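S.K.: Prediction below, plus the sequence it came from.
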Amino acid sequence: MLDAAFETMETATFETSLGATDELGNDSAKRTTALRERQHAGVVVWFTGLPSSGKSSLAERVQARLSEPCCLLDGDRLRKIIHANAGYSASDRDEFYTTLGALAAELARQGLVVLVAATARRRAHRQHARTHAPHFMEVWLDSGLDECRKRDAKGLYAGFARGSVRDLPGEDVEYEAPESPDVRATGARDEAALQLIVHRLEERNRVRTACIDG
């Protein structure tokens with residue numbers, strides 16, 4: 001799915017676009033500029049999954065393998081910066097993920113690979129990010145709820161059991177799993193998923209470099 005999308009967008013030649021006109025016969029300069037920007041742009045890779053599914057850990061492993069410029073946006077860390085006083089209500093989450101998606105898209109337009117590790121429990125959150133990013137890859141950490149409870153890296157599930165944590169995806173609020181993720185990983189140690197993500201990013205960078213050099 002992702003490879004086909006990249007191939008469709010990236011193999012369109014700059015020379016062909018120079019001679020293109022729209023149905024009204026208008027100059028194609030704006031379309032040419034837009035095409036060039038997309039060819040030069042980076043990509044947003046969104047790691048989604050239940051809390052403690054391994055999103056940040058897998059993103060860090062991907063970052064360590066990449067040779068091209070990239071940055072990692074961790075949802076938990078950025079929440080304190082972007083919306084320091086925000087809670088976890090539906091409206092708070094909507095606002096946070098809208099802002100996070102916009103930030104990731106802007107960084108990608110600067111040519112970076114942007115790794116986003118954030119639950120984004122609603123499909124609408126991820127779709128909004130996909131719509132605004134120049135290129136987008138969705139990685140689903142498909143770790144079962146029982147496994148995430150065992151890991152409980154930040155004590156959220158224990159807090160839920162005690163009654164001190166509410167609005168926890170997978171427990172008292174629904175996590176909407178991706179219907180067609182670009183990559184599915186069983187956890188942070190899924191080596192096959194790691195290699196697939198890195199391969200697709202490196203291949204995309206090769207094509208992008210060819211477009212720039214051409």
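M.R.: Good, I have the coordinates.
S.K.: Not counting sequence-adjacent ones, nearest residue to residue 82?
M.R.: Nearest non-adjacent residue to residue 82, counting by CB to CB, 6 or more residues apart in numbering: residue 99, 5.4 Å away. No exception for glycine: its C-beta is placed from N, CA and C like everyone else's.
S.K.: pLDDT score assigned to that neighbour?
M.R.: Note on residue 99: pLDDT of 94.
S.K.: I figured it hits residue 83, correct?
M.R.: Yes - between residue 99 and residue 83 there is a contact under CB atoms under 8 Å: 7.2 Å.
S.K.: and the host helix or strand of residue 199, average pLDDT?
M.R.: Using DSSP states H and E, residue 199 falls within helix 191-213. Average pLDDT, helix 191-213: 82.
S.K.: repeat for stretch 64-81
M.R.: 92.
S.K.: Distance of residue 172 relative to residue 166?
M.R.: Distance, residue 172 to residue 166, by CB to CB, to the nearest Å: 6 Å.
S.K.: What of residue 183?
M.R.: 31 Å.
S.K.: Tell me which of the two has more neighbours.
M.R.: Under the criterion of other CB atoms under 10 Å, the comparison of residue 183 against residue 166 puts residue 183 first, with 22 against 12.
S.K.: Looks like that one contacts residue 139 (just checking).
M.R.: Yes - Residue 183 is in contact with residue 139 according to CB under 8 Å; the separation is 4.5 Å.
S.K.: wait, what's in contact with the most centrally placed residue in the chain?
M.R.: Note on the chain: the residue nearest the mean C-alpha position is residue 46, at 2.0 Å, using CA atoms, centre = their mean. Applying CB atoms under 8 Å, 6 or more residues apart in numbering, we find residue 46 in contact with 104, 116, 118, 120, 126, 129-130, 136-139.
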